[in-house]
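Asks: Sequence plus predicted model, see below.
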Amino acid sequence: MPTLREIRRRIASVKNIEQVTDAMRVVAAARLRRAQENITATRPYAEKLNTILGHLISQMDVEHEALTHPLLEEREVEHVCIISVSGDRGLCGSFNSNVIRTTTERIQHYEDSGADVTLICIGRRTQEHFDRRGYDITDSYINIFCQLEFQIAVDVVHEFEHLYTDKTIDKVEVIYNNFKSAITQTVLVEQLLPLEPIEPEGDTLFLDYIYEPGQVELFEMLLGKHLNMQMWKVLLDSNAAEQAARMAAMQNATEKAKELIDELVLQRNRARQTQITTEISEIVSGAAAQEG
C-alpha cells in the first residue's frame, strides 16, 4: 500500500495534469470558434462559384466543349496521387489515426489493382508515419495549420494539377476529417481529379447572360478556382475537426483526472485514518504499560 506521502505527491501530480488538460481544452475551444468562422465566411463564395459553373454547364454544349478540358479527362488508372491530411500534433483522440488507417487502406486497394501510389502528406503525423514505412511521398506540408492561408491550398493544387496535366498521374484523391459539429467528425475520401461535371443545383432557372470572354474560356478559368476552393475547404474542415477532436479529448482527460483525484483523496483519507488509529493504539498501549 502506498504511503501517505506518496499519495499526496500523486494527487499534486494529477492536479497539475488536470490544469494542463483543461487549459488545452480552452485553447482548442477558442481555435475551433475561429475555424468555424472561417468555414462560414468561405461558404457563400464557394456556393456562388458552384452556381456560376452550373449555369455555364447548363448553357454550353457539354459534350463538345466543357469535357475537352484536360482536368476532366478520364484515363485508365495506373498512377494515383493520394493527399492525406492530418494534424501536426497529437492529444486529439483518434483524429490522426483514422486518417492514417483510411489512407493505408486506400493505398492497399490501389496496389492490389496494380496501380502505383504516390502521396502528398499534409500534417506531420501522416508524413512521419508513411516516411518511416518507405512510401513514395512527393511532397509534404508541415506546420501549416499554425497560420493557415489560402495560398497553401493554391500551392497544393498547383502541384498535383501539374502532375495530372503531364499525365504523370491518372487520379487524385484527398483523405481528411470532415467537420460536421463539435462532437462529430468523419473521415472522407473525395476525388479531386479528374473533375466531375458540376450540375446546377435544384430547379433554379438561369437568365441567358452574355459572357465576356466566351463561355468556354470562362469555364476553363473557373475550373481552376473551383479546384482551389475545394482544397481550401478540405484544409478548413480538417483544421476545425482537429480542434474539435482535441477539445473533446482534453475534456475527457480533465474529467478522468478529476475522477482519479477523488479516488486518491479517498485513499489519502483512509491512509490518514489508519495512521491516526495506529498512533492512538500506540499511545494507549504505552499508557497501559506505564500503569502496569
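Replies: Happy to help now that I have it.

Asks: what packs against the helix or strand harbouring Thr274?
Replies: Using DSSP states H and E, the element containing Thr274 is helix 215-291. Helix 215-291 is packed against helix 4-59, strand 79-85, helix 95-112, helix 150-165, strand 171-181, strand 184-193, with contacts defined by 3 or more Cβ pairs under 8 Å, 6 or more residues apart in numbering; DSSP states H and E. From N, CA and C alone the C-beta is placed, and that goes for glycine too.

Asks: tell me which residues in the fifth one are buried?
Replies: What that stands for is strand 171-181. By neighbour count on 16 or more other Cβ atoms under 10 Å, the buried set for strand 171-181 is 171-179.

Asks: pLDDT on that strand, on average?
Replies: Mean pLDDT, computed over strand 171-181, is 92.

Asks: same deal with the second one?
Replies: In this model, strand 79-85 has an average pLDDT of 96.

Asks: go on, the fourth one?
Replies: Taken as a whole, helix 150-165 has an average pLDDT of 92.

Asks: what is the orientation angle of that helix with strand 79-85?
Replies: Using axes from the mean of the first three to the mean of the last three Cα atoms, to 10 degrees, one finds that helix 150-165 and strand 79-85 are set 170 degrees apart in direction.

Asks: Residues contacting helix 150-165, please?
Replies: Here helix 150-165 makes contact (Cβ atoms under 8 Å, 6 or more residues apart in numbering) with 70-71, 81, 83, 120, 122, 138-139, 141, 144, 169-170, 172, 192-194, 224, 227-228, 231-232, 234-235.

Asks: Distance of the residue nearest to Ser86 when sequence neighbours are not counted relative to Leu235?
Replies: Nearest non-adjacent residue to Ser86, counting by Cβ to Cβ, 6 or more residues apart in numbering: Gly123, 3.6 Å away. Gly123 sits 10 Å away from Leu235, going by Cβ to Cβ, to the nearest Å.

Asks: Same question for Val154.
Replies: The gap separating Val154 from Leu235 is 11 Å, by Cβ to Cβ.

Asks: quick one on the thing from earlier: next, show the common contact partners of Gly123 and Leu235.
Replies: In contact with both Gly123 and Leu235: 85, 145, using Cβ under 8 Å, 6+ apart.

Asks: And Ile144, its phi and psi?
Replies: Main-chain dihedrals, Ile144, degrees, to the nearest 10: phi -80, psi -20.

Asks: so it touches Cys121, yeah?
Replies: No. The pair Ile144 / Cys121 is not scored as a contact, 11.2 Å apart, by Cβ atoms under 8 Å.

Asks: Tell me which of these two has more neighbours.
Replies: More crowded of Ile144 and Cys121, by other Cβ atoms under 10 Å: Cys121, with 25 against 19.

Asks: which strands and helices sit next to whatever helix or strand that one lives in?
Replies: Taking DSSP H and E as the criterion, Cys121 maps to strand 116-122. Judged by 3+ Cβ pairs under 8 Å, 6+ apart, strand 116-122 is in contact with strand 79-85, helix 95-112, helix 124-132, strand 137-141, helix 150-165.

Asks: Can you say which of these is packed in most?
Replies: For the helices and strands packed on strand 116-122, the largest average neighbour count (mean count of other Cβ atoms under 10 Å) is found in strand 79-85, namely a mean of 24.

Asks: what's the angle between it and strand 171-181?
Replies: 20 degrees.

Asks: Give me the sheet partners of strand 79-85 and which way each runs.
Replies: Take DSSP bridges as the rule and strand 79-85 pairs in its sheet with strand 116-122 (parallel), strand 171-181 (parallel).

Asks: Tell me which of the ones you listed lies nearest to Ala29.
Replies: Closest to Ala29 of those is strand 171-181 (Cβ to Cβ; 13.6 Å).
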